Structures are given as structure tokens and as C-alpha cells.
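# only the shape, not the letters, is given here:
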């Protein structure tokens, strides 16, 4: 199983997850996805949220901020849309996670997606290598039994 597929599977298992995609924010192209529905088309949502990220990146640059965007949260009546930047790679990628507000715990979902992003970064061929914690190999959430 590829690193992308594994990361998407893990993100799809976050409590309340309705849809998830890995997206190139420069082109708007989805590299993979899970979930969605006929009423919620990830093929439309992914490029639209790429526009959101590109616009926010421009604003950060124009303001001269020396900060990196971790994530962007869009709150709707019944959903959370979480855009999580994948840092530490040359590609311009983000995870796009759609959560059902009634089922999700936003703080835990943000934490879980951060862990998935870090693991994705570590498994990326261009990433720096760190030593794995013995006994936790392949586990995204060693403290949470899922």
C-alpha cells in the first residue's frame, strides 16, 4: 500500500470524517481521496480549496509574516472543513478533511490529522529521516487504540 493510500485510510478513520483528500494546492489536482457523496463532489471541492490556500499564502507573503500556515478551518452549519498543509516536502500538498460537526471532536481531529501529516512527511522519500520509536512502527496513534 502506498504512503498516500495509507495516510488517506488513516484520515478516513478519524471520528466524524465524511470525506478526505490529498491535494496539490498549486494545481488543484487530487492525488487520492476517500468518502464524499453525490451531493458532495470532492472533484469540485479540492480545486476550490486549493484556491483558498493559494490566496492565504499570498496574504501571508504580502504581510511579510515569517510564519507557516499549519491548517485552515472552515466552519459550516453541519460540517468542519480542515485544510492541513503538509510541510517539509518540496511538493505543495495538503490534506482536505471534511467532518460531520455532530460526530466530530474538532480538537482531536486536528491532532490526529497533524500526526498523519507528520507520518506522511517522515515516509516521504525527500524527508529527513528520524528513528522510529520501538514498538510503535506503523502506528499513527500509539496512545489511542483504534
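That came through, no problem. Because the structure is predicted, anything quoted here is derived from the model rather than measured.
# could you use CA atoms for every contact and neighbour count after this?
OK.
# number of residues surrounding residue 85?
Using other C-alpha atoms under 10 Å, the number of residues around residue 85 comes to 22.
# which residue lies nearest the spatial centre of the protein?
Taking C-alpha atoms, centre = their mean as the criterion, residue 95 is the residue nearest the geometric centre of the chain, at 2.3 Å.
# that one belongs to a strand?
Yes. Residue 95: assigned to a strand according to DSSP: H, G, I helix; E, B strand; the rest coil.
# for the closest residue to residue 85 other than its chain neighbours, list the residues it contacts.
Once flanking residues are discounted, residue 85 sits nearest to residue 94: 4.3 Å by C-alpha to C-alpha, 6 or more residues apart in numbering. Listed by C-alpha atoms under 8 Å, 6 or more residues apart in numbering, the contact partners of residue 94 are 22, 23, 24, 25, 83, 84, 85, 86.
# from residue 92, how far off is the third one?
Think residue 24. 6 Å (C-alpha to C-alpha, to the nearest Å).
# thinking again about what came up before, narrow the contacts of residue 94 to those in strands?
Cross-referencing these against strands under DSSP state E gives 22, 23, 24, 83, 84, 85, 86.
# out of those, which end up buried?
With burial judged by 16 or more other C-alpha atoms under 10 Å, the buried subset of these is 22, 23, 24, 83, 84, 85, 86.
# out of the residues you listed, flag the one nearest to residue 13.
Minimum separation from residue 13 among these (C-alpha to C-alpha) is found for residue 22, which lies at 14.7 Å.
# wait, that closest one touches residue 98, no?
No. Assessed by C-alpha atoms under 8 Å, residue 22 is found out of contact with residue 98, at 12.0 Å.
# right, and the residue nearest to the centre of the chain touches residue 19 too?
No. If you go by C-alpha under 8 Å, residue 95 and residue 19 don't touch, sitting 10.5 Å apart.
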